[in-house]
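Q: Everything below, folded, please.
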Amino acid sequence: MANPDRGEVEVKLGGKMRTMRPTFQGLREVEHRTGLGVIELVQRFGEGKASLDHVAIVLAIGLRAANDDAPDYDQIGEMLMRQGMSDVLLPILVFLASAFVGDQAKNLLASRGKGAKASPGGA
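A: Below is the predicted model of the structure:
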């Protein structure tokens, strides 16, 4: 369950709700592994132009920050192949957007009325 005091975002993956936690270290790792800045990634996700690799990288890092026994990159890739990416794109966008809009990122999910939700409370 997401912690509202940490600005966590819930995402449905592998048939269950999981929690992603935005951290400075994690977002720096996302930038390093993707070769793109957070703003560029937000633009790509917002335009629906994210690669499968970018999706799996962001999920792996965000899930690991919230839970020590989170699935790894390869496990996430297999889950994505079974379920597709549509359920994870908006929560990832909110996760990335938290880097520069803080608490307001949760409003992205609320305004879209999707099944995943951001916790009230903040980054």
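Q: Average pLDDT for the helix or strand where residue 96 lies, rounded please.
A: Taking DSSP states H and E as the definition, residue 96 sits inside helix 86-101. Helix 86-101 comes out with an average pLDDT of 86.
Q: Okay, buried residues for it please.
A: By neighbour count on 16 or more other Cβ atoms under 10 Å, the buried set for helix 86-101 is 88, 89, 90, 91, 92, 93, 94, 95, 96, 97, 98, 99. C-betas here are computed from N, CA, C, even on glycine.
Q: go on, stretch 38-48?
A: Buried residues in stretch 38-48, counting neighbours by 16+ other Cβ under 10 Å, are found at 38, 41, 42, 44, 45.
Q: Centre of the chain to it, how far?
A: With Cα atoms, centre = their mean, to the nearest Å as the basis, stretch 38-48 stands 12 Å off its chain's centre.
Q: what residues does that stretch touch?
A: 27, 30-31, 34, 36, 50, 54, 58, 89, 92-93, 96-97, 99-100 (Cβ atoms under 8 Å, 6 or more residues apart in numbering).
Q: can you pull the contacts of residue 49?
A: Listed by Cβ under 8 Å, 6+ apart, the contact set of residue 49 is empty.
Q: Would you double-check that it falls in a strand?
A: No. Going by DSSP: H, G, I helix; E, B strand; the rest coil, the assignment for residue 49 is coil, not a strand.
Q: Many thanks, we can stop here.
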